[in-house]
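Asker: Here is a sequence with its predicted model. Questions after.
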Amino acid sequence: MADAAYGLWPLVILNTILFIVFAASLFHPKTRRDWRAMGAYSAFLVALFTEMYGTPLTIYLLGSWLGSRFPLLKDTHAGGHLWNDLISWQGDPHLSPFHLASYVGIGVGFWLIAAAWKVLHEAAQHNRLATTGPYTWVRHPQYDGFLLIMIGFLLQWPTIPTVIVFPVLVVVYVRLARSEEREVAKEFGDDWAAYAAHTPAFWPRFRRPDQPHRRPTGTAARKPGARPPAARR
């Protein structure tokens, strides 16, 4: 190794557990579907931190192919910030535009997960759909949160495995969302249809001031103490 920043397997384990536990504390997984969403996120983190602190497989593979073209591409910890090589960034890699953007993506992602859970919890207590807060803009803000965290890490530390896995995880979350929505549609009927008709699933639709967001006002009965359907993530 060119420096001592790799082969740090205890750090791989520590960072993986830290980010998984932190996300779980905000997401509060309970259902089987929740744990599948957490599992996809966790797999991404394992692949990421294995290369960030364990074995820089991506740097080895790309270095032998593109090393002469990108002199910064070497097996140092700074060399793992691959986007910086594309713009020939010479300063501190942690202050590059890509790295700063990654902080924003990761921070907003965790905020979305936490803010959405607060709305979900309140909605469960009143036996109604979650349509306020982040749910005003999208139907699945918590899934958006997970995807933003992953995008943030991809901006910070792209690797071949995570770049390949990310589109797969997007498909996984879309399928989970569709499955959840079918369940919620059966439970809430017209209220859900009205909400879904005016609220996009993942990508917010910005409205003009003269086009206020419309939300359903009805409620639906549910077994006492039941968790709100996960489709409103």
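Answerer: That came through fine.

Asker: was I right about G54 contacting P10?
Answerer: No - contact criterion C-beta atoms under 8 Å: G54 and P10 do not qualify, at 10.2 Å. C-beta coordinates here come from the backbone N, C-alpha and C atoms, glycine included.

Asker: okay, these two: which has more neighbours?
Answerer: Set G54 next to P10 and count neighbours by other C-beta atoms under 10 Å: G54 wins out with 16 against 8.

Asker: Contacts only, for the more buried one.
Answerer: By C-beta atoms under 8 Å, 6 or more residues apart in numbering, G54 lies in contact with Y6, G7, L8, W9, V12.

Asker: now those: which count as buried?
Answerer: Buried members of these, scored by 16 or more other C-beta atoms under 10 Å, are Y6, L8, V12.

Asker: Can you list phi and psi of the last one for me?
Answerer: Think V12. Per-residue torsions, V12: phi -60, psi -50 (degrees, to the nearest 10).

Asker: pLDDT wise, what is it at?
Answerer: Looking at V12, its pLDDT is 95.

Asker: do the same with R214
Answerer: On the pLDDT scale, R214 is placed at 49.

Asker: Look up how far Y6 lies from M38.
Answerer: Taking C-beta to C-beta, to the nearest Å as the measure, M38 falls 27 Å from Y6.

Asker: One more: W83?
Answerer: Plainly put, W83 is 19 Å away from Y6 if you go by C-beta to C-beta.

Asker: A116 too?
Answerer: Counting by C-beta to C-beta, the gap from A116 to Y6 is 36 Å.
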